Every structure is written in C-alpha cells, then in structure tokens.
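[1] No letters, just coordinates:
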C-alpha cells in the first residue's frame, strides 16, 4: 500500500512518537522511510540578533544532523530502508508546512506521518498548526499521530525519576 513514507522530525516527544509509528508502518509495508528535519530561521532585522543569525543556523543544522543520525540508527535497528533529509525554509515567504509539502513532492511520498500537539481553540488560532496546513494542502494521505498521549507519557516518566 505504501512504498515511500515521509516523517518530519523535530526532536519533540510528539515527533518521536510519530516517528515510531512511521517505523512500524514502513516495516509492515516494506517501505522506504525518509526522516525529514526542517531548519526554520525567520528573517532577522538589522539589530543585535542579526549578528547571531549564522550561529543560530549552524546550531539548527547541527541539531538536524544529530536528530537525523538518531533516526537513521533507529531505522537500521528496525531493518527499515531509507535516508534522512535536512531542508531549510526559504526566506522568501516559505514556512515549515510548505517545506514539508515540497519535500513530500520531491520524495514522491505515498504518505506523510507526523505528530500533532492537538491544540484547540485560541491556542491553535494564535500558534497556528503546521499539521493542519499539511493536511489541508498535501497531495498524498497524511497520518497524524496525536501528541497528548506522548507528552503525558513523558511527564509520567519524569515524575517517576
């Protein structure tokens, strides 16, 4: 059913939980999996913050390399084929959701598997929803893995430490 699965990752508990589901799906279908990390740097005005812009980009690229390396290790442990990708948001009006969609097209993904924080009401309106934008605009199916369960598990494990 699925032969090419795209799984955006960002290091959050929700993203990790969704990636675990993407691994299961890839194993079940013998699919190729592409973990995707998006580097998102909003344009910086010419002030003190602009001086640190190259350092912020380097730090995000380093984080992306770490996360994609971990994803690759998990894939190898589970016997799942594929290679990670790090992509950057274009500074000309692009955003994370648009970059995910573009990468899905480039990869010719059959499905996108991603986490959602499950925000409702004013929080969703104020913060927006990458997952919602991807669902509304994707050319392929999108499997959303709710994050509330994963975040609750993380809180419980922190309390038990």
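    Received it, and whenever you're ready, just let me know what you need. Since this is a predicted model, take the numbers as computed values, not measurements.
[2] A strand includes residue 28, no?
    No. Counting by DSSP: H, G, I helix; E, B strand; the rest coil, one finds residue 28 to be helix, located in no strand.
[3] Look up which helix or strand the nearest residue to residue 143 once chain neighbours are set aside falls in, please.
    Leaving aside its chain neighbours, residue 143 sits nearest to residue 113 (4.6 Å; criterion: C-beta to C-beta, 6 or more residues apart in numbering). No exception for glycine: its C-beta is placed from N, CA and C like everyone else's. Using DSSP states H and E, residue 113 maps to strand 111-116.
[4] about what we covered before: the residue nearest to residue 143 reaches residue 141, doesn't it?
    No. Checked against C-beta atoms under 8 Å, the pair residue 113 and residue 141 is beyond contact range at 9.5 Å.
[5] Please say which of the two ends up with more neighbours.
    A direct count of neighbours by other C-beta atoms under 10 Å for residue 113 and residue 141 places residue 113 higher, at 25 against 13.
[6] quick one, phi psi at the nearest residue to residue 84 once chain neighbours are set aside?
    Nearest non-adjacent residue to residue 84, counting by C-beta to C-beta, 6+ apart: residue 68, 3.5 Å away. Backbone torsions of residue 68, given as degrees, to the nearest 10, read phi -70, psi -30.
[7] Show me the strands in the chain, by range?
    For the chain, applying DSSP state E gives strands covering 4-9, 32-39, 85-88, 111-116, 142-146.
[8] I'd like the ones you listed laid out as a markdown table, including distance to residue 19 and mean pLDDT.
    Converted to a markdown table, the strands of the chain look like this (distance: least, C-beta to C-beta, whole Å; pLDDT from 0 to 100):
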| stretch | distance to residue 19 | mean pLDDT |
| --- | --- | --- |
| strand 4-9 | 5 | 98 |
| strand 32-39 | 7 | 97 |
| strand 85-88 | 14 | 96 |
| strand 111-116 | 8 | 94 |
| strand 142-146 | 9 | 92 |
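[9] out of those strands, nearest to residue 131?
    strand 111-116 (4.0 Å; C-beta to C-beta).
[10] Listing request: residues of the protein with sub-threshold pLDDT.
    42-54, 118-128, 148-155, 157-158, 161 (pLDDT under 70).
[11] again, only this time at 80
    The chain contains residues with pLDDT under 80 at 41-55, 91-93, 117-128, 147-161.
[12] could you show me where the helices are in it, in order?
    13-29, 48-51, 53-78, 96-107, 121-127, 130-137, 148-159 (DSSP state H).
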